[in-house]
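Trainee: no sequence for this one, just the structure:
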């Protein structure tokens with residue numbers, strides 16, 4: 001009896017021990033399960049927050065790329081100013097916040113970093129990512145890159161020399177070079193070189209290029225339509241002859257090679273020297289007509305042989321970009337007017353102005369500073385000064401001399417300007433220099449023995465809606481030609497003048513005439529009118545017009561410093577800016593604004 005009771009008690013103990021052990025196992029298993037569940041939950045939250053961070057990266061990348069595509073010339077700093085970052089979503093549903101920053105790499109290149117913070121379920125799950133995009137800024141084609149740009153045609157005759165120099169490095173005599181390029185940019189615009197007018201630079205014609213003169217072109221000649229070389233002897237082209245069309249070579253030497261997509265004809269006395277010893281003297285895609293002469297053969301093989309009759313696929317002279325987002329087929333002249341001057345002139349010069357004529361005549365002298373104007377000898381009406389905002393000076397602001405107002409231009413408004421007899425106008429910004437602006441809603445004329453003096457460190461920029469006439473005895477004296485410290489051209493004329501097509505008396509008449517006997521330094525930009533240069537004085541700077549006619553002994557000497565003249569956006573975009581993914585980068589998490597809770601959160 002006693003033994004049975006003891007056994008029953010022991011069994012109870014065993015059962016209790018087993019139950020306890022089972023409970024421990026169950027509780028341990030439940031704890032492990034709970035830990036696993038929490039780990040899974042945390043992993044899911046972390047994954048969700050990471051996905052939010054990735055969404056932030058992709059959304060930011062899309063936003064940046066969209067902005068770059070719409071603004072092909074934007075710099076990295078401008079991009080980040082416009083698009084500093086994004087915030088989207090809510091804590092419970094999931095949100096991301098991004099910050100964009102610029103990094104200059106060791107090799108000098110630029111990267112854009114997108115730091116993205118993704119969050120899910122409030123602040124319980126956060127994840128930080130940094131994506132790196134390599135940023136290549138736009139490559140600009142300078143607005144002023146040629147000595148002579150005649151959009152619809154160029155006709156150079158007489159004895160004037162076209163070449164180049166660099167005012168940054170010295171005088172014309174000290175820095176002379178052979179980069180005085182001549183070109184046309186619209187449709188089938190021809191270039192005619194006649195007389196004794198040597199060209200030291202490349203010549204590019206969208207139409208036919210006629211070499212009629214006795215002086216050579218010291219550079220390459222290129223045409224979209226054809227090249228016609230007149231009868232003559234000696235060196236005609238010190239470079240290559242390149243065209244998508246035909247070539248007629250009547251006489252003289254080409255020092256380089258000839259490449260033509262079309263037909264080629266060479267007469268007695270015409271020779272290709274191929275001084276660079278390229279494989280073939282000539283290649284042409286059409287028919288060839290050559291004399292049975294030694295100068296029309298290479299290695300004893302006449303140019304009519306099949307190995308020469310191969311289309312070289314010559315690159316075209318650039319005339320316009322039909323793929324440009326703002327290209328207007330009805331207005332291809334835009335290529336001639338990269339600054340869109342006529343379209344913007346109403347914003348520069350108000351048509352409803354109350355400007356008055358301004359005249360400086362015999363025994364009168366007038367002084368302009370950026371902020372004031374006065375007769376220092378004689379008397380007359382003084383032009384009114386007005387504050388304005390001229391779009392061409394968004395990059396380089398006006399130097400006001402003694403003023404600290406950097407974001408506003410000040411200009412003198414005038415109706416017609418006439419400086420005649422022995423009248424003198426001085427542009428003087430003082431010790432620190434200054435930029436003077438004239439707004440002329442009419443004509444600008446200098447005649448007689450008048451003189452316009454532009455002092456060192458100062459500049460004069462003229463916007464004019466009418467005709468410009470710089471007469472034979474008038475003088476424009478620039479003490480230090482080139483680009484001022486503020487980045488402005490010493491003397492610039494921007495003309496929006498266009499002859500009335502319905503007025504026969506205005507047809508073919510130039511809107512800009514330069515007939516002075518004295519040297520002149522200027523930037524002349526008149527894309528809608530013809531420019532006539534008939535004086536014997538030398539022209540330094542650059543000239544751009546619808547057509548260019550230069551006769552007599554007036555030479556054109558391109559100042560290569562003007563390639564750096566930043567007008568408007570700085571030039572025409574040649575290669576647009578680009579943003580390319582360059583990988584992921586680990587960085588310590590950045591601080592992000594918590595827009596929902598008005599606090600700053602950090603992840604580690």
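Mentor: Ah, there it is. Bear in mind the structure is a predicted one, so any value in this text is a computation, not a measurement.

Trainee: quick one: mean pLDDT for the host helix or strand of residue 13?
Mentor: Per DSSP states H and E, residue 13 falls inside helix 2-70. Helix 2-70 carries an average pLDDT of 73.

Trainee: again with stretch 154-173
Mentor: For stretch 154-173, mean pLDDT is 92.

Trainee: same thing with stretch 349-358?
Mentor: 93.

Trainee: straight-line length of it, end to end?
Mentor: Stretch 349-358 has an end-to-end distance of 16 Å (CA to CA, to the nearest Å).

Trainee: over to stretch 188-197?
Mentor: 23 Å.

Trainee: buried residues, that stretch. List them.
Mentor: Neighbour counts over stretch 188-197 (16 or more other CB atoms under 10 Å) mark 189-195, 197 as buried. Backbone N, C-alpha and C define where each C-beta goes, glycine included.

Trainee: again, but for stretch 378-387
Mentor: 383-385.

Trainee: same deal with stretch 256-276?
Mentor: Under 16+ other CB under 10 Å, the buried positions of stretch 256-276 are 256-267, 269-272, 274.

Trainee: out of these, which sit inside strands?
Mentor: Mapping the buried residues of stretch 256-276 onto strands (DSSP state E) picks out 258-260, 264-266, 270-272.

Trainee: just the closest of these to residue 113, please.
Mentor: residue 259 (47.3 Å; CB to CB).

Trainee: excluding its backbone neighbours, what's nearest the closest one?
Mentor: residue 312 (4.2 Å; CB to CB, 6 or more residues apart in numbering).

Trainee: show me what contacts the one you found?
Mentor: 259-261, 283-285 (CB atoms under 8 Å, 6 or more residues apart in numbering).

Trainee: is it in a helix, a strand, or coil?
Mentor: Assigned by DSSP: H, G, I helix; E, B strand; the rest coil, the conformation of residue 312 is coil.

Trainee: which stretches of the stretch 101-250 of the chain have low pLDDT?
Mentor: Scanning the stretch 101-250 of the chain for pLDDT under 70 picks out 122-124.

Trainee: which strand runs longest in this protein?
Mentor: The chain, longest strand under DSSP E: strand 520-533.

Trainee: how far does that strand sit from its chain's centre?
Mentor: 20 Å (CA atoms, centre = their mean, to the nearest Å).

Trainee: and the next helix or strand after that strand with strand 520-533, angle?
Mentor: Using DSSP H and E, the helix or strand that follows strand 520-533 in sequence is strand 539-550. Using axes from the mean of the first three to the mean of the last three CA atoms, to 10 degrees, the direction of strand 539-550 lies 0 degrees away from that of strand 520-533.

Trainee: strand 539-550 - contacts with which helices or strands?
Mentor: strand 148-156, strand 520-533, strand 556-559 (3 or more CB pairs under 8 Å, 6 or more residues apart in numbering; DSSP states H and E).

Trainee: for the following helix or strand past the helix holding residue 13, which outside residues touch it?
Mentor: Following the chain from helix 2-70 toward its C-terminal end, the next helix or strand by DSSP H and E is helix 76-82. In this structure, residues lying in contact with helix 76-82 by CB under 8 Å, 6+ apart are 64, 67-68, 71, 74, 100-102, 110, 112, 135, 137, 577.

Trainee: farthest-separated two in these?
Mentor: Among those, 71 and 101 lie farthest apart (CB to CB), at 19.1 Å.

Trainee: per-domain residue ranges of this protein.
Mentor: Using automatic domain parsing, the domain parsing of the chain gives 2-138+578-601, 152-302, 332-575.

Trainee: out of these, which comes closest to residue 145?
Mentor: Per CB to CB, nearest to residue 145 of the domains of the chain: domain 332-575, 5.7 Å.

Trainee: who are the contact partners of residue 522?
Mentor: Here residue 522 is in contact with 476, 491-493, 539-541, 543 (CB under 8 Å, 6+ apart).

Trainee: that one bridge partners, please.
Mentor: residue 541 (DSSP bridges).

Trainee: where in the stretch 401-550 of the chain is pLDDT low?
Mentor: For the stretch 401-550 of the chain (pLDDT under 70), the answer is 403-406.

Trainee: how about 80 then?
Mentor: 402-407, 472, 501-508, 516 (pLDDT under 80).

Trainee: can you pull out the strands in it?
Mentor: 409-414, 417-419, 424-427, 434-440, 444-446, 451-454, 458-464, 468-470, 475-478, 491-495, 512-514, 520-533, 539-550 (DSSP state E, counting those that start in this stretch).

Trainee: distance to residue 180 added to the ones you listed, as JSON lines?
Mentor: JSON lines is the format used below for those (distance: least, CB to CB, whole Å):
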{"stretch": "strand 409-414", "distance to residue 180": "32"}
{"stretch": "strand 417-419", "distance to residue 180": "30"}
{"stretch": "strand 424-427", "distance to residue 180": "28"}
{"stretch": "strand 434-440", "distance to residue 180": "28"}
{"stretch": "strand 444-446", "distance to residue 180": "26"}
{"stretch": "strand 451-454", "distance to residue 180": "24"}
{"stretch": "strand 458-464", "distance to residue 180": "23"}
{"stretch": "strand 468-470", "distance to residue 180": "21"}
{"stretch": "strand 475-478", "distance to residue 180": "20"}
{"stretch": "strand 491-495", "distance to residue 180": "19"}
{"stretch": "strand 512-514", "distance to residue 180": "17"}
{"stretch": "strand 520-533", "distance to residue 180": "14"}
{"stretch": "strand 539-550", "distance to residue 180": "10"}
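
Trainee: ok, which of those strands comes nearest residue 301?
Mentor: If we rank those by CB to CB, the stretch that ends up nearest is strand 539-550, at 42.1 Å.

Trainee: what's the angle from that closest one to strand 148-156?
Mentor: 50 degrees.

Trainee: would you mark the buried spots in strand 539-550?
Mentor: 539-550.

Trainee: give me the distance from stretch 83-94 to the chain's centre.
Mentor: Centroid separation for stretch 83-94 versus its chain: 37 Å, with CA atoms, centre = their mean.

Trainee: now it: average pLDDT?
Mentor: 80.

Trainee: just to revisit the earlier point, could you single out the nearest of the contacts of residue 522 to residue 392?
Mentor: Using CB to CB, these come closest to residue 392 at residue 492, 9.5 Å.

Trainee: run through the bridge partners of that closest one.
Mentor: residue 461, residue 523.

Trainee: that one against residue 523, yeah?
Mentor: Yes: between residue 492 and residue 523 there is a contact under CB atoms under 8 Å: 4.2 Å.

Trainee: pull the contacting residues for residue 513.
Mentor: Here residue 513 is in contact with 467-470, 531-532, 534 (CB under 8 Å, 6+ apart).

Trainee: if you rank the residues you listed by neighbours, which is first?
Mentor: residue 470 (27 neighbours; other CB atoms under 10 Å).

Trainee: that one reaches residue 516, doesn't it?
Mentor: Yes: proximity of residue 470 to residue 516 meets the contact threshold set by CB under 8 Å, at 5.5 Å.

Trainee: which residues are contacting the helix or strand encompassing residue 242?
Mentor: Using DSSP H and E, residue 242 falls within strand 241-243. Taking contacts as CB under 8 Å, 6+ apart, the residues outside strand 241-243 that touch it are 209, 220-227, 229, 247, 249, 254, 256-262, 314-315.

Trainee: direction included, what does that strand pair up with?
Mentor: Partners of strand 241-243 in its sheet, by DSSP bridges: strand 221-223 (parallel), strand 258-260 (parallel).

Trainee: any chance of TSV for those strands, columns distance to residue 401?
Mentor: Putting these into TSV (distance: least, CB to CB, whole Å) gives the following:
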stretch	distance to residue 401
strand 221-223	45
strand 258-260	54
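
Trainee: name the nearest of the contacts of residue 312 relative to residue 348.
Mentor: residue 261 (43.3 Å).

Trainee: I'd assumed residue 245 was in contact with that closest one.
Mentor: Yes: here residue 261 reaches residue 245: they are 6.7 Å apart, a contact under CB under 8 Å.
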